[in-house]
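1. Here's a sequence, model it:
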Amino acid sequence: MLSQTSEYALRAVLHLAAYDDDAPVRVGEIAEALDVPQNYLSKVLHVLAREKVLKSLRGPTGGFSLGVPPDALTLRRVVAPFDPDETHMQCLLRRQPCDEEDPCIAHYEWKNIAQQVRDFFNTVTIQELLDEAKRHPDRRPADLVSARRAPAH
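-> Down below sits the predicted model:
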């Protein structure tokens, strides 16, 4: 459903949002925690910074932090630079748009599900996911998206 780039973007934003303070986090630390390639993640994070989803600070104390409060940051805003919301519904079975005039055999079943997925990304915020993670007291929010445990704060 999502590209790997969008998945990395979401996981990185959740990782940053799980930090208690607004101090910048270095890309290497994020890449290690998420077990993703640092160079690739760096490019993803810079795109998010250009889109004002993240703030970027250069220098020895630099890194990335959230540019939008987590309760105002929808999942759509995080993934939009990498998987833009197309005006047509992506067909489940064909490489072309699927619509009422030329439906594929799965169109009528898929269109409601596809709308629910769009609604999910358009309305769910990073804070809502963090709140859900907090309902799992045995796991910290960063652990839910990280391959390795996040550093203690």
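2. can you tell me the average pLDDT over the helix or strand where residue 29 lies?
-> Counting by DSSP states H and E, the secondary-structure element that holds residue 29 is helix 27-34. Taken as a whole, helix 27-34 has a mean pLDDT of 95.
3. could you point out which element follows it?
-> If you walk from helix 27-34 toward the C-terminus, the next helix or strand you reach (DSSP H and E) is helix 38-50.
4. before we move on, the earlier item: output the helix holding residue 29 as CSV, nothing but the C-alphas.
-> Extracted as CSV, the C-alpha positions of helix 27-34 are listed here (Å, rounded to 0.1, in the frame of the first residue of the first chain):
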residue,chain,number,x,y,z
VAL,A,27,20.0,11.1,11.4
GLY,A,28,22.5,8.3,12.4
GLU,A,29,20.7,7.7,15.7
ILE,A,30,17.3,7.5,14.0
ALA,A,31,18.7,5.2,11.2
GLU,A,32,20.2,2.9,13.8
ALA,A,33,17.1,2.8,16.0
LEU,A,34,14.9,2.0,12.9
